[in-house]
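Asker: Sharing a model that was predicted from the sequence below.
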Amino acid sequence: MAPAAINSASNGSSDAIQQPNAWVGHRGAAGFDLRSDTMTTPTSSMLAAIQNCSLLDDVFVEDPTTMELESHVAALAGKEAALFVLSGTMGNQLALRTLLTQPPYSVLCDHRSHIVKYEAGGVASLCGAMVKPIVPSNGAYLTLEDIIANADLDDDVHTCPTKVISLENTINGIITPLAEVKRIADFARQNDLKFHCDGARLWEAVASGAGSLSAYCSLFDTVSLCFSKGLGAPIGSIVVGSAQHIKHARWIRKSIGGGLRQSGVVAAPARVAVDETFGKGPNGEGGLLKTSHDAAKKIEKLWTDLGGNLVHPVETNMCWLDLNAAGCSTEAFVALGKEVGLKLGGNRLVVHYQIAQNQDEVLPRLEQVFRRALEGGRNGSTTIQGPSSIYRPRPAIKSMEEIQAAFDKLKKPLSNNTELNDFLRANFAQAGGELKAVPKDQLRTDPKFLDKINDAVIKEFSLKVIDIWPDLTRTYGGVGSNCTGCPNSFIPLNRTFVVAGGRFREAYYWDTFWILEGLLRTGGAFIEISKNTIENFLDFVERYGFVPNGGRVYYLNRSQPPLLSQMVRLYVEFTNDTSVLERAIPLLIKEHDFWTTNRTVEVSKNGTTYRLNHYNVKNTQPRPESYREDYVTATNKSYYAANGIIYPEVGSLNDSQKAVVYANLASGAESGWDYTSRWISRPEDATRDVYFPLRSLNVVGTIPVDLNSILYWNEMAIAAFLNSTNNTTAAAAWTQLASNRSQAMYDLMWNSTLHSYFDYNATSGAQNIYIPRDNDATAMETDTADQDQQVVFAVSQYYPFWTGAAPAHLKNNPYAVKQAYERVDKYLEIKGGGVPATNLKTGQQWDQPNVWPPLMHILMEGLRNTPATFGESDPSYRDVQKLALRLGQRYLDSTFCTWYATGGSTKETPQLQGLNAQDVGIMFEKYGDNATNVAGSGGEYEVVEGFGWTNGVLLWTVDVFGNNLTRPDCGNISAAKVHGGKRSLPPRAVELDYHDAAWTKKFGRRAVKAAVASAEAKKKV
């Protein structure tokens, strides 16, 4: 290029060079690009250096420009020699291949390292070495203790011996301190290990003042340094080390096609970049990198002054924003940046020297983005926020004593959220740092069951649901804390697992059963993930004696419906892999012992004493995850109804009464049905929304049909597992336990007049049969009740048909099953959606009108379990199987139509008008019973999208009913929009409860009208 062309480019005056072209300097594209410091472009002096470079052959080691660059950097690093290479990947791989000489061998490194994630498996393919990734125990950088814990130094033939330690510095903008590097270096030399540094951003650590380049490099055998990442050179990296290592590396470079001919044209700008951008000495004297650090600090302050949180404080040139806490999605944040001309990649803002030079333009634009992101999160337009989920669990970065002292110093009551946020920032890391997503290329799927599905829409819908699993798949990535022994509520998991939905950061117990129904059918990598999930829960039993409600330490006083035995059964039946049983059987027995030891109640009736189980959590305080809600329930002097009426409490609770409330609140959470009229002693308070409905919870005093049905099932499963191992004596004993439980349930809970099971009230010594009558009670529910009452309906009454706990004369008799399901049949006739959890509207989420996917599955499977005792032509048997199919069709319709209304599409059902490409459809955790395009509502937290058990039940439904299902007909449906529960507006495609409408983000941006015919008719009436 001629000098004139260079000048015109650098001044931005040439018509031939458009503004997006990076050659215009810091006012060009790079000056507004915060995605990475690889976006930096050469300065005019770098470009000018190309004009004056030598053009000789580097393969023959004859090019002066290249050799001078190598000598200069080697001197800065305090090393004997250096080798110019084309990229950082090449530099790392050459260095490692040089250090690794005789297999077998392995390389220890941080699990986030580039050599693990971004270098195409080069360590394996080029070196034949195993990489052993390590999760830093401090959540920030590797320490000597991490290395010692993971190094394989003995002669055990089963292991792959450690030969190289590879340290990346900086990593994610975090500096590994010089003193820590020295500790690891000493260990490496004592054990004859080689020590490599991926120093692509080591320049940044030096510029921050952490130590000189030579001080760092002297501790390593080889170091790779990058010229194009942050320094602004157009291309190139360099490896420094001993003369012997560099000589060997030159050979390897040639063997993989890295030999350079006229290398001066790329070495020349790199040489200038070292002096200009890094600096003219080993401490980076006078370089531009320090200005980028200062700019990053300004960005950090701008964000935090506006109320934003950080993933971790700025140390070098990276600013990590906590978009989750801000309530802003990555997609929304990137879009906001685009609107003001900034290129953003997500919550990581990388500040390079051209951003620093251009900060007078960049900072005002970032302020606009930050304000909109944070304000959007606060008003609910970009996030989902529920009452106690506003401040989500965070790992501590200080000791409990220090945190308590800091909290004690706060002036109370707090006058604003800023004080609280400052306290949180100073003492806690950001939420969610414990987990990391699994790369999608590792999550192969193989849903063979879809091969038999003929309908293109059902098949494509199922495939798109399957595509959700990778977004919910997680691995444990470390404690996210910067100190040893700092408290953290997250219980580490050893294996990959799937979270229940978008708001959740931990595994939950009973959700997982239905998740596994879907994962096993998804196939591919998810078969192993299914096994991993079960093994994680077995770890819990091994450690705690039971599976906690979820993977947080504050769940360690309670469990959830104990479905682990059934998860094992599912897995074994689906895969024929019985290898899990050796470990599982004793642990499943151990879990069963937890329930029989801690959750057993004795009931005497007609001279017989029965032993059954109930939910009974020993708890005297508010639940940590719902502290505010529980505290208000137990202590508030007034109850604030949704209609604005304030009801004063009738009488204050004393401490022992509050403890009873807290125990019942926790026990209700253990039941999975938190909360429902099933547990409320005064359901009329809930239906009228007066006083404190949850103060009358009587979970502990209720012996539930569903819990005992599951325990029967577990006893039968354990018996079957023991039989499979030829332990027939023990198997017979477990079968007898199950038989005893079935008989006790029948004697106490079965009502032959009403053809139904009912929860048994241990307080009153009777079945819970009647509840207040409401406006839509059917004749079937009122004929046998008093004037103001109706008969209880709850899906829990059908668990005995699902698990087989009903005696043979009921479960094996299609006519008896048909009688028991008569009200289910009636609901499908009078309701447009699925079957609700109960028949009473209370505002609680496990009551009408909410339709829960696992409950729909239970109803369907209970029917499908019915054998053709009197032949397949038996009318009752045929009716039972038809009802199962009708439920399956209704469930398919509900999930598809709601997904379709919120942006989902297939080739044959194009996206509805009023939606955009970002709207891809939502799978909700619950649905409404009044139409097939209504999401559920009510309860303690927002309607959640994503959702694990919804996906699992959908895939199960498509598999078991197959081509008997028909394509969903959603009617004249339009795009979904929440209307905040204002009844003056017409019904929408997806309607939410008033409170959920205020919390749920996805609908706030969406248009328009959609009427459900049945809903319209009811409005007119």
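Answerer: Yep, it's here.

Asker: So which helix or strand of the chain has the lowest pLDDT on average?
Answerer: Among the helical and strand segments of the chain, the one scoring lowest on mean pLDDT, DSSP states H and E is helix 994-999, with a mean of 30.

Asker: Now do the SS call for Phe423.
Answerer: Phe423 carries the three-state label helix when classified by DSSP: H, G, I helix; E, B strand; the rest coil.

Asker: any low-confidence regions in the stretch 551-700 of the chain?
Answerer: Within the stretch 551-700 of the chain, the stretches with pLDDT under 70 are 642-644.

Asker: mind giving me the domain ranges of the chain?
Answerer: When the chain is parsed with automatic domain parsing, its domains come out as 53-278, 444-593, 615-700, 812-1021.

Asker: and stretch 805-812, which residues are buried?
Answerer: Of the residues in stretch 805-812, 805-807, 810-812 count as buried by neighbour count, 16 or more other C-beta atoms under 10 Å. The C-beta positions use only the backbone N, C-alpha and C, and glycine is treated the same way.

Asker: Report the distance from it to the chain centre.
Answerer: 40 Å (C-alpha atoms, centre = their mean, to the nearest Å).

Asker: what does it contact?
Answerer: 708-709, 712-713, 738, 741-743, 745-746, 750, 757, 799-801, 804, 816-817, 820, 865-867, 869 (C-beta atoms under 8 Å, 6 or more residues apart in numbering).

Asker: Check which element follows the longest helix seen in the chain along the chain.
Answerer: In the chain, assigned by DSSP state H, the helix with the most residues is helix 875-901. The element immediately downstream of helix 875-901 (helix or strand, assigned by DSSP states H and E) is strand 927-928.

Asker: what packs against that next one?
Answerer: Contacts defined by 3 or more C-beta pairs under 8 Å, 6 or more residues apart in numbering; DSSP states H and E place strand 927-928 against strand 850-851, helix 875-901.

Asker: which is the next helix or strand following the first one?
Answerer: Right, the one you point to is strand 850-851. Immediately after strand 850-851, counting by DSSP H and E, sits helix 853-864.

Asker: ok, back up a step: how far off helix 853-864 does the longest helix of the chain point, in degrees?
Answerer: Here helix 875-901 runs at an angle of 160 degrees relative to helix 853-864 (axes from the mean of the first three to the mean of the last three C-alpha atoms, to 10 degrees).

Asker: Which of the residues in helix 875-901 are classified as buried?
Answerer: Those would be 876-877, 879-881, 883-901, for helix 875-901 by 16+ other C-beta under 10 Å.

Asker: in the stretch 601-750 of the chain, which spans are helices?
Answerer: For the stretch 601-750 of the chain, applying DSSP state H, counting those that start in this stretch gives helices covering 627-635, 655-671, 683-688, 705-724, 728-749.

Asker: where in this structure is pLDDT low?
Answerer: Scanning the chain with the threshold set as pLDDT under 70 gives 1-29, 376-391, 414-418, 479-483, 502-503, 642-644, 933-945, 977-1021.

Asker: Now tabulate the buried residues of stretch 805-812 in TSV and tack on distance to Thr633 and secondary structure.
Answerer: Formatted as TSV, those follow (distance: C-beta to C-beta, whole Å; DSSP: H, G, I helix; E, B strand; the rest coil):
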residue	distance to Thr633	secondary structure
Ala805	33	coil
Ala806	36	coil
Pro807	40	coil
Leu810	39	helix
Lys811	39	helix
Asn812	44	coil
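
Asker: picking up where we left off before, list buried residues within the contacts of stretch 805-812.
Answerer: Those of these that meet the buried threshold are 708-709, 712-713, 738, 741-742, 745-746, 750, 757, 799-801, 804, 816-817, 820, 865-866, by 16+ other C-beta under 10 Å.

Asker: ok, now how distant is Gly122 from Gln93?
Answerer: Distance, Gly122 to Gln93, using C-beta to C-beta, to the nearest Å: 4 Å.

Asker: Find residues that contact each of these two.
Answerer: By C-beta under 8 Å, 6+ apart, the residues touching both Gly122 and Gln93 are Ile115.

Asker: quick one, which of those two is more surrounded?
Answerer: Gln93 (27 against 20; other C-beta atoms under 10 Å).

Asker: The more buried one reaches Gly121, doesn't it?
Answerer: No: between Gln93 and Gly121 there is no contact under C-beta atoms under 8 Å: 10.3 Å.

Asker: What about the closest residue to Lys831 other than its chain neighbours, how many residues nearby?
Answerer: Counting by C-beta to C-beta, 6 or more residues apart in numbering, Lys831 lies nearest to Asp929, which is 4.8 Å off, once chain neighbours are set aside. The number of residues packed near Asp929 is 24, by other C-beta under 10 Å.

Asker: ok, back up a step: of all the domains of the chain, which lies closest to Thr600?
Answerer: Counting by C-beta to C-beta, Thr600 lies closest to domain 615-700 out of those; the figure is 8.9 Å.

Asker: Need the helices and strands packed on strand 927-928 in TSV (columns: distance to Ala332).
Answerer: TSV is the format used below for the helices and strands packed on strand 927-928 (distance: least, C-beta to C-beta, whole Å):
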stretch	distance to Ala332
strand 850-851	29
helix 875-901	21
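
Asker: And the helix or strand harbouring Lys826, what's buried?
Answerer: According to DSSP H and E, Lys826 maps onto helix 822-830. Of all the residues in helix 822-830, those buried under the rule 16+ other C-beta under 10 Å are 823-828.

Asker: Thanks a lot, see you next time.
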